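**Student:** predicted model follows, preceded by the sequence.
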Amino acid sequence: MKRLLPFTLVVLVAGVAQGQSTTETEIRSLIEAVGASGCDFERNGTSHSATEAAEHLTLKYQRGQRYANSAEEFIERLASKSSWTGRPYQMICDGEAQPAGDWLSATLAQLRAQ
């Protein structure tokens, strides 16, 4: 995950420069981090590429933006589990699975520490 930070930090800085709110910029940076991760993304028992995961999270954010008033709410309410089945999403990086919410929360913490 550390290799993503320079790229994601650029996205974060660019978003602020374009006048996006901090929340919007953080959420967009998280989605970009998923897309650039090279990890697989398991959703409802099916594996998807990092690019497909980012596209899915973008769509969920576009449709459910009113439920995400912070990056933490985005993670909790939109990006951690299926809104249809309630099954948690998994990030599978280097063969190790972890809940997507945990991965996103750690990435958010790293973004904020930069």
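**Tutor:** Perfect, I can see it now.
**Student:** in the chain, where is pLDDT below threshold?
**Tutor:** The model of the chain has pLDDT under 70 over residues 1-19.
**Student:** so which residues of it form helices?
**Tutor:** In chain order, the chain shows helices spanning 5-17, 22-36, 50-64, 71-73, 100-113, with DSSP state H as the criterion.
**Student:** now do the second one against helix 100-113, angle only.
**Tutor:** Interaxial angle, helix 22-36 versus helix 100-113 (axes from the mean of the first three to the mean of the last three Cα atoms, to 10 degrees): 120 degrees.
**Student:** helix 22-36: which residues count as buried?
**Tutor:** Using 16 or more other Cβ atoms under 10 Å as the test for burial, helix 22-36 gives 23-36. C-beta here means a position set from N, CA and C on the backbone, and glycine is covered the same way.
**Student:** kindly report the same for stretch 63-82.
**Tutor:** Residues of stretch 63-82 classed as buried: 68, 71, 74, 75, 76, 77, 78, 79, 80, 81 (neighbour count, 16+ other Cβ under 10 Å).
**Student:** quick check: end-to-end length of that stretch?
**Tutor:** For stretch 63-82, the first-to-last residue distance is 14 Å (Cα to Cα, to the nearest Å).
**Student:** ok, stretch 36-51 next?
**Tutor:** Its start and end residues considered, stretch 36-51 measures 7 Å (Cα to Cα).
**Student:** appreciated, that's everything.
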